[in-house]
Structure formats: structure tokens, C-alpha cells
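Trainee: dropping the sequence and predicted coords here.
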Amino acid sequence: MREDAVEATVAEEPAVMNDPTAQGTRASEAVLLLAFWLASAAAGAGLGLPPLSGPPFAAISHIAVHNLPRVPEMLLHPIGAETTAEVCKGYEPDRERVLVEALLAGGLNNRLVRVGVASTPYSRMALIKLQMMSRNGGVWSLAALEQDVMTCLDSVFWLEPDVEHVDIWAVVPETLAEDREKHLPVFSASVSRDRYAQCGGTDTSPAQRLSRLGHIRFSPLLLTYCPEILTVQGWSNLPRGAIIDPPQSSQQYEYSHLEVPARKNGRAERAPVKVVVRLPEDHPRVALTIDDGPNPLVTPLLLDVLAQLKVKATFFLVGSQAEYFPELAARIAAEGHEIANHTYSHARLPDVERRWACAEIKAAERVLWRITGERTTLFRPPGGRATADTLHLTEALGYTTVLWTHNSCDWQYSDPAKIVAAATSHQRPGSIILMHQDGLASCHALPAIVESYRRAGLRFVTLSEGLGPSDVRRMRPSDILPLLSKSHLWVE
């Protein structure tokens, strides 16, 4: 066991995740994934689901690995062209071009897919996206990935002295459809300049430096094809702080042990359910709610804006995104924001089978609990899509459905001025503002939105701070569903 590493930790099964190699997976791969899971389950028995800031996850003491499988060809399909024009994200082109040229000249072991630099009036941050490549007989290299991560961090923090944060992650192709190529994150790290300064200089090995960067996320898919990790001594080559989400054996959600609440029919289906439409109007308070994510670059920029404005928000997080980027999800909770449930994969619940709708909610709940230590009780359906049955299912699972009074439409507008106008019209006490953490326009619009409400004498609170037990309504689904299609409930 190398001196800079510790036995890695594996969390109890939290969720369901699509595996791009599920179809046609060879027996050796399935056996290997099963070995991972059995070892982690045995080691973690009775330990519950600790948050990242809590006790360490259970350690795997011994795994013997034979016949390591080769990386499937589809996972090695090149993503994009490795040229400066293709790699630059386009937020701040001059800064991005300098970084891309430096990284391409530095001889990365893995493929450089995207580089972005963006800022708000309060901070500047960067993102780097790599593709895992095989340079060694059809398997991936942990040492090569560690070297690339530190090369990227060195380049950003040395060449861009005002960049305060870097999100770096590695992906593989998940789908190769002609109309849309989807990428699956298999590694992520979220690093502040302060944390980077503590990891040692270039005279220290990349492995040792990576071990000082806090929580680093590895997916089981990546570990399946890394021979340096899978040794008879266990997971001894993973860095300190390694977070491993549990392997999944199928593209479909395997939640056979989940008890799905019985469907309500007839008169019972028309019965009222718990819902939050607005905060009480007799107090000068409003709530900011932020859906989706966490996402690299946008989430840390948004958090810095909220910190500067001294606003606490309620984040409706997507479970799979929290699993891909656990350090960002943990930071949201650590900075005092409220955590709420937005399903595991951002699924429109009316479009999936009832048992999968149940799994979507429960899987996200377990992921968010594991990462943030927060028990979620508030739920917002992705896309505002719901039916009477999904509203009753949500309540049966212990959740209150949350609507909004102001939809900022920031998922639709790239112009911050339009977002501000949508979010601030018809202001009044009790407003619930809906925003997202998907684009930079939301970060740029937020200061003007907060200033507008404060000029009106209104104070920002989280949903739980603004709601008392008697403020949660009980409404019939037939009265709730029309409200989900409205951008502004205050407009008659």
C-alpha cells in the first residue's frame, strides 16, 4: 500500500444509475462489479449512511481480482476534436485559449474535451473536462489520470492568478446517437485555490497531491478497468478522500425491495394532498428556490453570488448530479442552504412506470442524505410534470410538493435582463421564485433579482424558514395541476 493512499471507502447503495456497458456486458465484468458490491456491503453492514462530513465510509479489506476486462470500444470512442477551437467553451475565449494551448502542449495522457473560464462580479472560476483514454493495452490508468488532474490544476492556478476554483472531471461516452452524444462522468474533483495551495508543490508526486484535495469521486465503471486499483491488498491505491458510488448491474432501475405505495383510485384519487403554493402573505418574506444540478462551474459561481448577497436558498437537487459531483452538493449544504428532492435522473414522473417513479424519489433521497446528511421532505416534480397519481405517490413517500409563484424562465433565456423581468414582476410577500443552476445567465441575473425584492422591503428565507405547520395546504390534484402550467400565480 503506497504511503499517500488509504483504503478507499464505499457508500451504502444509494441510488440507481445507468450503466453504458449494461447491454452486452461480459460475465467477467458482471462478476467484478458484484465483487465490489458484496465487499462494500459486508464491510458497511450496520453503519447507515453517513454524510461526507461525518464518520468515514466503510473500508474494503480484501478483494482478489482475476481476468481484468478490457475497456469496451464504445467507451473509447473519441469525443470531439482535440483542437483549441473545439475545446474552448467560449465564455472567456482569450483566457480559455491560453489554457487549452498550455494543456495540449503539456502532453496529457487522457483526451482534453472542454475548457471553460467564467466570472461574475464576485469571482472567476474554471472547468476542465477530460475523456478517459486507454494508452496501455485496453485498460485505464489511475496514475495517468492523477498526473493529468494535477497538470490541469497547476496550469489553471499558475496561468490564471484570479481564478479561485476549478472543477475537473473525466467522462466516457454514454450514448453515440447521431443527433446527440451523451457523456457519463466517471471521476470528479472540485478544488478551491486555498485547497490547492495545501496539496504540495510539483516536487511532490501527483498521487500524494491528489490525496490532499478532499473528496474525490470515482465511479465503479472507471474502477472496473483500472488494474492499479484492483489489487489483492484491496483498494490501496486510491487516494485519501476517495468516494465510490455503488455499481449498478442494469440500465433499468433495480429496486425490487422497494415497497411501492398502493395506487389510489376513484374518490381516493381526488382526495387532497399536501402542497406549498406560496409562503404566508402576512410576513415580508420571499423564498428563492433553485432546481437541477449541481453542475460544474455554474454551481460554485452561483454559491459565491449567494454568499456575497447573504441569501440562503432552497436547492432542489438531482440525485445523479449530486452523485457525479458530491463535493459541490456537500458545499451547498455546508453553506447553509436547504436541500430538497428533484428526483434521481430528472425524470418526468408521468412518463415512467409507477415503481420507477417511486424509485426516482427514494433514490434521490438516499443519495442526498449520504452526501449532505440532510433528510429531504420537500419535492418539486421536474418540468412541473405531475398527475393526480404522482402527487399522491409523492405524499405517500413523505413529501410535500412545492410549486412557485414566479418562474424566472432562466432555462429558456440567455439574456439576464429577461430573467430578471420574469422573476420580479408582480412582487409581493409570500413569493416563491423558481430558478435553475444550468447556465451563467442565472448567475448574472441573480444580484438584480435580489436587489429588486429587497428594495420592495422583502426578506429572503428558505422554504422551511418561511413555512409553519399550518402554512402547508391540502389541495385536490385537480386544483394543483393547472397551477403547474403557470409562470406567475400572482397574475390572474
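Mentor: Right, received. Where do you want to start? Residues are numbered from 1 along each chain as shown.

Trainee: pretty sure residue 473 is touching residue 279, no?
Mentor: No: if you go by Cβ atoms under 8 Å, residue 473 and residue 279 don't touch, sitting 11.6 Å apart. Glycine gets a C-beta too; all of them are placed from N, C-alpha and C.

Trainee: looking at this structure, which helix or strand does the model trust least?
Mentor: When each helix and strand of the chain is scored by mean pLDDT, DSSP states H and E, strand 58-59 comes last, with a mean of 32.

Trainee: next helix or strand past that strand?
Mentor: Using DSSP states H and E, the helix or strand that follows strand 58-59 in sequence is helix 84-87.

Trainee: show me what the following helix or strand past that next one packs onto, helices and strands only.
Mentor: Elements were assigned by DSSP H and E; along the chain past helix 84-87, the next helix or strand is helix 93-105. Applying 3 or more Cβ pairs under 8 Å, 6 or more residues apart in numbering; DSSP states H and E, we find helix 93-105 packed against helix 84-87, strand 111-119, strand 124-131, helix 142-159.

Trainee: for the last one, packing partners?
Mentor: Contacts defined by 3+ Cβ pairs under 8 Å, 6+ apart place helix 142-159 against helix 93-105, strand 124-131, strand 163-176, strand 181-192, helix 193-197, helix 206-210.

Trainee: can you put the ones you listed in CSV and add distance to residue 360 and mean neighbour count?
Mentor: Output for these, formatted as CSV (distance: least, Cβ to Cβ, whole Å; neighbours: other Cβ atoms under 10 Å):
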stretch, distance to residue 360, mean neighbour count
helix 93-105, 36, 17
strand 124-131, 26, 25
strand 163-176, 18, 21
strand 181-192, 18, 21
helix 193-197, 33, 15
helix 206-210, 33, 22
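
Trainee: would you mind giving these as TSV with mean pLDDT added?
Mentor: Listed next are the helices and strands packed on helix 142-159 as TSV, based on pLDDT from 0 to 100:
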stretch	mean pLDDT
helix 93-105	95
strand 124-131	97
strand 163-176	90
strand 181-192	91
helix 193-197	95
helix 206-210	90
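
Trainee: out of the ones you listed, nearest to residue 270?
Mentor: Closest to residue 270 of these is strand 181-192 (Cβ to Cβ; 39.3 Å).

Trainee: what pairs with that closest one, parallel or antiparallel?
Mentor: Here strand 181-192 has these sheet partners by DSSP bridges: strand 163-176 (antiparallel), strand 216-218 (antiparallel).

Trainee: okay, those in a markdown table with distance to residue 483 next?
Mentor: Converted to a markdown table, the strands paired with strand 181-192 look like this (distance: least, Cβ to Cβ, whole Å):
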| stretch | distance to residue 483 |
| --- | --- |
| strand 163-176 | 35 |
| strand 216-218 | 37 |
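
Trainee: just so I know, which of these lies nearest residue 267?
Mentor: strand 163-176 (43.7 Å).

Trainee: how about the CA coordinates for the closest one, as CSV?
Mentor: Below are the C-alpha coordinates for strand 163-176, written out as CSV (Å, rounded to 0.1, in the frame of the first residue of the first chain):
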residue,chain,number,x,y,z
VAL,A,163,-9.3,32.0,-10.7
GLU,A,164,-10.5,30.9,-7.3
HIS,A,165,-11.9,27.5,-8.1
VAL,A,166,-11.6,24.7,-10.6
ASP,A,167,-14.0,21.9,-11.4
ILE,A,168,-12.3,19.0,-13.2
TRP,A,169,-13.9,15.8,-14.3
ALA,A,170,-13.5,12.8,-16.6
VAL,A,171,-16.1,11.3,-18.8
VAL,A,172,-16.8,8.4,-21.2
PRO,A,173,-19.4,8.2,-24.0
GLU,A,174,-22.7,7.0,-22.7
THR,A,175,-24.6,7.2,-26.0
LEU,A,176,-23.4,7.6,-29.5
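
Trainee: ok, now how distant is the residue nearest the centre of the chain from residue 286?
Mentor: Closest residue to the average C-alpha location of the chain: residue 321 at 2.4 Å, with Cα atoms, centre = their mean. Residue 321 is 26 Å from residue 286, where distance means Cβ to Cβ, to the nearest Å.

Trainee: same deal with residue 311?
Mentor: Taken as Cβ to Cβ, the span from residue 311 to residue 286 is 10 Å.

Trainee: shared neighbours of the two, anything?
Mentor: Here residue 311 and residue 286 share the contacting residues residue 460, scored by Cβ atoms under 8 Å, 6 or more residues apart in numbering.

Trainee: does anything pack onto whatever helix or strand the residue nearest to the centre of the chain lives in? Which helices or strands?
Mentor: Using DSSP H and E, residue 321 sits within helix 319-324. In this structure, helix 319-324 packs against helix 326-334, helix 354-372, with contacts taken as 3+ Cβ pairs under 8 Å, 6+ apart.

Trainee: got the contact list for it?
Mentor: Residues outside helix 319-324 that contact it (Cβ under 8 Å, 6+ apart): 14-15, 17, 169, 185, 188, 217, 245, 292-295, 328-329, 341-346, 360, 363-368, 371-372.

Trainee: run through the stretch 251-400 of the chain and note the low-pLDDT ranges.
Mentor: 251-259 (pLDDT under 70).

Trainee: this completes my enquiry, with thanks.
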